[in-house]
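1. from the sequence below, what's the structure:
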Amino acid sequence: MAEPSQEAELSTRDLCYRYGEQWAVDDVTLKLRPGELTALIGPNGAGKSTLLQMLQGQLTPSHGEVLLGEQPIRSCRHQVALMPQRGRIDWRFPITALEMVKLRHSGKGAAVDRDAKAALASVGMEALGGARLGELSGGQQQRVLLAACLTQSSNTLLLDEPCSAMDPPARQKVLELLRDEAKSGRCICLSSHDWGTALQHYDRVIVLDRQLLFDGPPQQVGPQLNELITSRSGWQH
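-> Just a heads-up that it's a prediction; the model follows:
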């Protein structure tokens with residue numbers, strides 16, 4: 001089976017996932033395109049993490065499918081990188097920040113060390129490459145996870161709450177980095193609770209509450225989202 005090209009779209013069709021009797025994601029159809037920086041927003045329990053895990057092939061949908069180009073994601077999931085939430089990682093593991101990034105690198109030889117150091121530098125963590133994971137703050141740990149994701153050869157990056165524990169300067173640095181990565185042709189989709197930033201700085205905003213509510217450029221989604229926030233409990237931010 002042929003590998004999809006690096007410019008392939010990541011798409012879903014009628015995507016659903018159920019935990020027991022509860023639908024976490026219900027009938028979501030969308031396309032994520034190379035060169036686009038997309039924010040996935042919604043309240044707690046909206047299914048954002050579940051959707052990202054299905055997009056990367058970690059979870060098998062209860063119904064529907066995920067395709068990279070024309071190939072099922074299960075056959076080419078190595079071409080899609082997922083940065084998990086910080087809380088899903090055991091930070092007591094006795095390795096350094098640099099060693100963790102190198103573990104996720106998709107290459108071999110001298111390039112691994114060089115690229116890992118460059119990735120840490122790109123997120124402002126070059127001075128802490130020798131620090132143990134447990135010695136880092138929450139925001140620093142998130143930047144290590146992002147650096148590890150960036151070293152992979154994947155053209156599509158899915159980032160689950162990458163900036164939630166970062167201070168404003170670190171968030172701004174990461175946002176600028178992700179925009180540059182998208183401009184280089186990567187497809188980037190990140191979940192976020194920072195709706196204001198999503199509506200001001202991203203190319204596209206997807207609003208999810210188990211079902212796909214809105215999907216479009218910020219100037220189109222913003223008024224729709226503001227109207228929804230005023231009418232629905234649990235949506236205040």
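2. shaky segments in this structure?
-> Within the chain, the stretches with pLDDT under 70 are 1-6, 106-107, 233-237.
3. which residue ranges of it form strands?
-> 10-19, 22-32, 37-41, 63-68, 71-72, 80-83, 156-160, 187-192, 204-209, 211-216 (DSSP state E).
4. could I get those as JSON lines with distance to F93 and mean neighbour count?
-> Using the backbone N, CA and C atoms, a C-beta is placed for each residue, glycine as well. Shown next, in JSON lines, are the strands of the chain (distance: least, Cβ to Cβ, whole Å; neighbours: other Cβ atoms under 10 Å):
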{"stretch": "strand 10-19", "distance to F93": "28", "mean neighbour count": "18"}
{"stretch": "strand 22-32", "distance to F93": "29", "mean neighbour count": "18"}
{"stretch": "strand 37-41", "distance to F93": "28", "mean neighbour count": "24"}
{"stretch": "strand 63-68", "distance to F93": "30", "mean neighbour count": "19"}
{"stretch": "strand 71-72", "distance to F93": "32", "mean neighbour count": "15"}
{"stretch": "strand 80-83", "distance to F93": "17", "mean neighbour count": "22"}
{"stretch": "strand 156-160", "distance to F93": "19", "mean neighbour count": "25"}
{"stretch": "strand 187-192", "distance to F93": "24", "mean neighbour count": "25"}
{"stretch": "strand 204-209", "distance to F93": "32", "mean neighbour count": "22"}
{"stretch": "strand 211-216", "distance to F93": "36", "mean neighbour count": "17"}
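5. would you turn those strands into JSON lines with distance to K48?
-> Formatted as JSON lines, those follow (distance: least, Cβ to Cβ, whole Å):
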{"stretch": "strand 10-19", "distance to K48": "12"}
{"stretch": "strand 22-32", "distance to K48": "9"}
{"stretch": "strand 37-41", "distance to K48": "5"}
{"stretch": "strand 63-68", "distance to K48": "15"}
{"stretch": "strand 71-72", "distance to K48": "22"}
{"stretch": "strand 80-83", "distance to K48": "12"}
{"stretch": "strand 156-160", "distance to K48": "7"}
{"stretch": "strand 187-192", "distance to K48": "4"}
{"stretch": "strand 204-209", "distance to K48": "6"}
{"stretch": "strand 211-216", "distance to K48": "11"}
